[in-house]
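> can't give you the sequence, but here's the structure:
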């Protein structure tokens, strides 16, 4: 079976560009969401957040005072219109989030609108902050959209407290926020449509921003350099007005570059995509049995796993952890959040090497292990290979890994027997470790071997397994579909970048003329590729029974075609009836 990745990808780009090309126009599409000509602030009963619906209120945070419609203040001095008036009391330690309780429209930020804009002005009596360079403003605000799972804060800005003459600034300021950018939907897939608007302040609004990026690597639009400073020095009452919240886009819609398709031959084993939910999200196996401690032997006790490959991205982490306590679920960061933990931490150096450490902590809630007993650095040696943490006594043992073997370590904890006696959980997995470019990258394991523990041995060969050993649970992963068993019955991974709105995968035995058909058809619609979003890419694991046949019929008793080509298309490929 051949897959023509380069030809397939080139064809995809050509077809998509031809299908989506339209003439550019200077006109715009404007949608005024809130002009506040009437009372669009008033809350209506029926919504769970504070009992409001389609009306403005405070979602959360203790700095909020009130939000009302002010018919006497309008950005255009229109006596027949007004604005939204917000009053808050900034404490320097809390926050507030103004939320419009959902509006009735679902705004298409992918195909129609590129910008959100509004006007804002402050009362002269509002408290201010003084920045390191001596400038004075009303603090760092943020604008965002309601996300079904959280909030997407896509814009941070600050308004100067003085005008050009050094007088108090009571003028209206127009804010225009570019939302539909090339990388926006990569980081915030839920922004393809907007149904709820957020405006607020956090004690640390702007976060740790460096050159327009926060430390997690997500893009932030900055209206002023001081918006990164945070609001810890902002104390007192503020009054401000917001008017004319609208969305703007080019007439005729938005032209998007098509996604780029790749085909990769799969490896039988266990694939763990790294932290697809966030920069600290874990993808990991956790032992169901809580008797995984090495204390008391019989010795040697060994914890071992084999990496087939691992991303060459600096600071991305693989780990093996022994965490005291009963069985737990939903506590994905137990290594950090629990009192005691011993781990083997392996960090890629981004240059083909790694650093590995055996470390532990006690009585240190919300901290990483901080007592390092062994640290090994290897350059130009991949962390892919077999790692074995072996205990020869209650207090010590050896570590072996790619490029070294049997390096001794000692646990210098005088209470090690008490602190690591059963019950103890065993965790094996990975995380981006704060590195945004590590999110969603694949790593593959071929084997895990645990011997000598009271919970009994665990011997897994993932290259021949058809399902996950019931000794493990995936309930302590931060996202679903990040860990999967890949068998010889799923020979290909297909991946492509987002945004991919409207695009669907098809398969054919010929590039031209096709036909292009949903892969599910060849499995009689009883099997489908396993599709998941991992970081910035969608991954599709293709089962053998979703590959095309010589006669074009579903595969039961049919011979596979010698060639298979994959393509993304919008509109989608055919779905022939059986």
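Cool, got the structure. Worth saying up front: this structure is predicted, and the values here are computed from it rather than measured. Residues are numbered from 1 along each chain as shown.

> in this structure, which spans are helices?
5-20, 184-187, 334-337, 416-419 (DSSP state H).

> Give me the buried positions along the last one.
In this case it means helix 416-419. 416, 419 (16 or more other CB atoms under 10 Å). Where you see a C-beta, it was placed from the backbone N, CA and C, and this is true even at glycine.

> Residues contacting it, please?
The set of residues that contact helix 416-419 without belonging to it, under CB atoms under 8 Å, 6 or more residues apart in numbering, is 295, 296, 324, 340, 362, 394, 395, 413.

> if you set the cut-off to 10 Å instead, what comes out?
293-296, 324, 339-340, 342, 360-363, 393-396, 410-411, 413 (CB atoms under 10 Å, 6 or more residues apart in numbering).

> average model confidence for it?
Here helix 416-419 scores 97 as its mean pLDDT.

> again, but for the longest one
For helix 5-20, the mean pLDDT works out to 30.

> In ChimeraX, select just the buried ones from the contacts of helix 416-419.
Selection of buried members from the contacts of helix 416-419 for ChimeraX, criterion 16+ other CB under 10 Å:
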select :293,294,295,324,340,342,360,361,362,394,395,396,411,413
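
> any idea of the pLDDT on the residue of the chain positioned farthest from its centre?
Here the chain reaches farthest from its C-alpha mean at residue 79, the gap being 46.3 Å by CA atoms, centre = their mean. Here the pLDDT value assigned to residue 79 is 95.

> List the contacts of it.
By CB under 10 Å, 6+ apart, the residues touching residue 79 are 71, 72.

> Distance of it relative to residue 351?
If you measure residue 79 against residue 351 using CB to CB, to the nearest Å, the figure is 67 Å.

> now do residue 246
49 Å.

> who does the longest strand along the chain touch, helix- and strand-wise?
Of all the elements of type strand in the chain, the one with the most residues (DSSP state E) is strand 236-250. In terms of contacts (3 or more CB pairs under 10 Å, 6 or more residues apart in numbering; DSSP states H and E), strand 236-250 is packed against strand 28-34, strand 64-70, strand 83-90, strand 107-108, strand 115-122, strand 136-146, strand 173-178, strand 197-201.

> if we compare the ones you listed, which one ends up closest to residue 472?
In terms of CB to CB, the element of the helices and strands packed on strand 236-250 nearest to residue 472 is strand 136-146, at 35.7 Å.

> mind listing what the closest one pairs with, with the direction of each?
The strands beside strand 136-146 in its sheet (DSSP bridges) come out as strand 129-130 (antiparallel), strand 151-160 (antiparallel), strand 197-201 (antiparallel).

> most packed of the ones you listed?
Each of the strands paired with strand 136-146 was given a mean neighbour count from mean count of other CB atoms under 10 Å, and the largest, a mean of 23, is that of strand 197-201.

> between that strand and strand 28-34, how many degrees?
With axes from the mean of the first three to the mean of the last three CA atoms, to 10 degrees as the criterion, the two stretches strand 197-201 and strand 28-34 enclose an angle of 70 degrees.

> Compute the inter-axis angle for strand 197-201 and strand 115-122.
Using the same axes, to 10 degrees: strand 197-201 against strand 115-122 is 40 degrees.

> mind checking how far strand 197-201 is from the chain centre?
In this view, strand 197-201 has its centroid 21 Å away from the chain centroid, taken as CA atoms, centre = their mean, to the nearest Å.

> For stretch 256-274, what is the distance to the chain centroid?
Averaging C-alpha positions (CA atoms, centre = their mean) puts stretch 256-274 17 Å from its chain's average.
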